[in-house]
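# Take a look and give me a structure for this.
(one chain, ligands or ions: 1)
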Amino acid sequence: MNKLNIAIDGPAGAGKSTIAKHVSEHLGILYLDTGAMYRAMALKAIRSGIDPNDKDSVEKLLPKTDIDIRYLNGKQHVILDGEDVSDSLRTPEISKGASDIAVIPSVRIKMVEKQREIASKYDTVIDGRDIGSYVLPNADFKFYVTATVKVRAERRMSELSAAGNLGNRTFENVYDELISRDKTDSTREFAPLIKPPDSILIDTTDLCVSEAVRLVLEYIKSH
Ligand code: DC
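Alright, predicted model coming up:
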């Protein structure tokens, strides 16, 4: 039987993962954070002394890398070569590395294979950059979540600060990093970040989490 797949795409800091998590909890289905998979691949490269932009070296590393997704009490864990790295993926260095490594088509193909496998087995809310446009073009629902760069940078700043990952970054640094990541994600050749034409736009600039979640759930229930 076909599974329910809800795709949520959008740029960094728009609130995708928070919305996706709430929607999945509300519907009692799985949440798959695909960004965490690219982050794990970036972590592997960095730990191996490889620049995530170095396509040839990353491609050599790829067959020696195992990235698995497990769920414990409904929470996603990312297992890199047998090690649970879920708590090591949220630093600015890994954010940039993930965006850079995600440009490499062979990396994407490997990640997408696993994402499609999970989506075919379970009812899932999946967030990322290319879910509605490339990974699951036939998803039951597609949402594109965005917000102004200023608001996204403010949210990223609070997240980094709360997690103790801000270091000595200023607001301007965080803002510039976000713009640079948006550019890398939306200008890459293979499966770039786009708004799928058949997706529903959710602009969270002036919305709190519960309002955005309500919009998504209302849309799903009325269709
Ligand atoms: O959603 P995130 O910030 O954790 O994603 C980190 C990076 O991974 C993002 O900048 C680009 C890449 N990514 C991607 O290319 N495709 C996805 N479906 C998810 C993330």
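# ranges for the strands of the protein?
Here the chain has its strands, by DSSP state E, at 5-9, 30-33, 67-72, 75-80, 83-84, 124-128, 141-146, 200-203.
# Who are the packing partners of the last one?
Strand 200-203 makes packing contacts with strand 141-146, helix 209-221 when contacts are defined by 3 or more C-beta pairs under 8 Å, 6 or more residues apart in numbering; DSSP states H and E. Where C-beta positions appear, they are placed from N, C-alpha and C, glycine not excepted.
# Of all the strands of the chain, which one is nearest the ligand?
Counting by C-beta to the nearest ligand atom, the ligand lies closest to strand 124-128 out of those; the figure is 2.4 Å.
# pull the CA atoms of that closest one into CSV?
Included here for strand 124-128 are C-alpha records, laid out as CSV according to Å, rounded to 0.1, in the frame of the first residue of the first chain:
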residue,chain,number,x,y,z
THR,A,124,6.6,10.2,6.7
VAL,A,125,7.1,13.9,6.9
ILE,A,126,10.4,14.6,5.1
ASP,A,127,12.2,17.9,5.1
GLY,A,128,15.1,19.0,2.9
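# quick one: strands adjacent to that strand?
The pairing partners recorded for strand 124-128 under DSSP bridges are strand 5-9 (parallel), strand 30-33 (parallel).
# which of those strands is buried the deepest?
Each of these was given a mean neighbour count from mean count of other C-beta atoms under 10 Å, and the largest, a mean of 27, is that of strand 5-9.
# Any chance you could list what contacts that strand?
By C-beta atoms under 8 Å, 6 or more residues apart in numbering, the residues outside strand 5-9 that reach it are 16, 19-20, 23, 119, 123-133, 135-136, 138-145, 193, 195-196, 199, 216, 220.
# ok, now stretch 19-28?
4, 6, 8, 30-31, 33, 74, 123-127, 143, 145, 202, 204, 209-210, 212-213, 216-217, 220.
# Averaged pLDDT, that stretch. What do you get?
Stretch 19-28 carries an average pLDDT of 98.
# That one near the ligand at all?
No - interface with the ligand: stretch 19-28 contributes nothing (C-beta under 6 Å from any ligand atom), its closest point being 10.1 Å away.
# Could I get the CA-only coordinates of that stretch as CSV?
As requested, C-alpha coordinates have been extracted for stretch 19-28 and formatted as CSV (Å, rounded to 0.1, in the frame of the first residue of the first chain):
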residue,chain,number,x,y,z
ILE,A,19,7.2,22.5,11.6
ALA,A,20,8.0,19.0,10.2
LYS,A,21,8.6,17.6,13.7
HIS,A,22,5.3,19.0,15.0
VAL,A,23,3.3,17.9,12.0
SER,A,24,4.7,14.4,12.3
GLU,A,25,3.9,14.2,16.0
HIS,A,26,0.4,15.5,15.4
LEU,A,27,-0.2,12.9,12.7
GLY,A,28,1.6,10.1,14.5
